[in-house]
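Visitor: fold the stuff below for me.
(one chain, ligands or ions: 1)
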Amino acid sequence: MNKIVVSVAFAVILLIGINKIADTIYNVEKPEKSAYQVTSSTTVDSTNTSETNSENLESESIMALFASVSATDGAKVFSKCKACHSIAKDGGNKIGPALWGVIGRNAGAVTDYKYSKAMLAHGKKWSFEEMNGFLIKPKEWVQGTKMSYAGLKDAKDRAAVILYMNENSDNPLPVQ
Ligand code: HEC
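Guide: Numbers count the residues shown, from 1 in each chain. As a prediction, this is how the structure comes out:
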């Protein structure tokens, strides 16, 4: 009889012990688990974004970014272009063509500027989307261009400078 009592008691103690261990493991694992979940959902999110981040959405987002930038920001960004471009009305050509009114006009349209064959062949209209694509990496967008500029990596910088160029025009395009 005594033996039974002892072994039952032992079994109970063992059970409590296992529960405690299980609790400890559970408590330790819990934060790890939720941390993992956060990471995995972040991964899923970014996959979705890159999947849907087609060129169309990229260009829509440049329009959306206009709301969060100003032409004043753009004027600052344009200081990177000033060495080669004038933006003022009646500003002449420098190393690059005069940029007054460039948004909305055709690529390669300044008559007294000697463009590269690549830019003349490009011939597209400088829409917001077209300009955004060009400014990311000019040499990739217009292969063979003689504009020696790496590009503007930051989408906000591009949006700001595009907004600024659009305002420096006789006929700014609607930004909405
Ligand atoms: C090192 C000089 C240089 C810098 C810096 C530079 N550009 Fe240019 N850019 C050029 C040249 C040269 C061309 C003519 C390209 C060609 O004919 O292939 C050009 C062409 C352009 C065109 C096409 C204009 C047209 O009439 O079709 C745009 C738009 C333009 N640049 C915008 C910019 C902006 C915005 C920046 C600053 C973020 C910038 N560039 C910085 C040299 C430069």
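
Visitor: quick check: chain neighbours aside, which residue is closest to the residue positioned nearest the centre of the chain?
Guide: By C-alpha atoms, centre = their mean, the chain has its centre lying nearest to residue 155, at 4.9 Å. Using C-beta to C-beta, 6 or more residues apart in numbering and skipping the chain neighbours, the partner closest in space to residue 155 is residue 65 (6.0 Å). Using the backbone N, CA and C atoms, a C-beta is placed for each residue, glycine as well.

Visitor: show me what contacts that neighbour?
Guide: Residue 65 makes contacts with 155-156, 159, as judged by C-beta atoms under 8 Å, 6 or more residues apart in numbering.

Visitor: what parts of this protein come near the ligand?
Guide: Residues of the chain lying close to the ligand by C-beta under 6 Å from any ligand atom are 80-81, 83-85, 95-97, 102, 107-110, 115-116, 118-119, 126, 135, 145-149, 152, 161.

Visitor: in helices, which of these fall?
Guide: 118-119, 135, 161 (DSSP state H).

Visitor: identify, from the residues you listed, the entry nearest to the ligand.
Guide: For these, the closest approach to the ligand (C-beta to the nearest ligand atom) belongs to residue 119, at 3.5 Å.

Visitor: hang on, that closest one packs against residue 141?
Guide: No: contact status for residue 119 versus residue 141: not in contact, 10.5 Å apart, counting by C-beta atoms under 8 Å.

Visitor: shared neighbours of these two, anything?
Guide: With C-beta under 8 Å, 6+ apart, residue 119 and residue 141 have no common neighbours.

Visitor: okay, now the closest residue to residue 151 other than its chain neighbours: neighbour count?
Guide: Leaving aside its sequence neighbours, residue 151 sits nearest to residue 137 (C-beta to C-beta, 6+ apart; 4.3 Å). Other residues within reach of residue 137, judged by other C-beta atoms under 10 Å, total 14.

Visitor: any chance of the contacts of residue 65 in a markdown table, plus pLDDT, distance to residue 91 and secondary structure?
Guide: Formatted as a markdown table, the contacts of residue 65 follow (pLDDT from 0 to 100; distance: C-beta to C-beta, whole Å; DSSP: H, G, I helix; E, B strand; the rest coil):
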| residue | pLDDT | distance to residue 91 | secondary structure |
| --- | --- | --- | --- |
| 155 | 95 | 27 | helix |
| 156 | 96 | 25 | helix |
| 159 | 97 | 23 | helix |
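
Visitor: on that earlier part again, distance of the residue nearest to residue 155 from the ligand?
Guide: Note on residue 65: its distance to the ligand, by C-beta to the nearest ligand atom, to the nearest Å, is 15 Å.

Visitor: helix or strand: which one has that residue?
Guide: helix 55-65 (DSSP states H and E).
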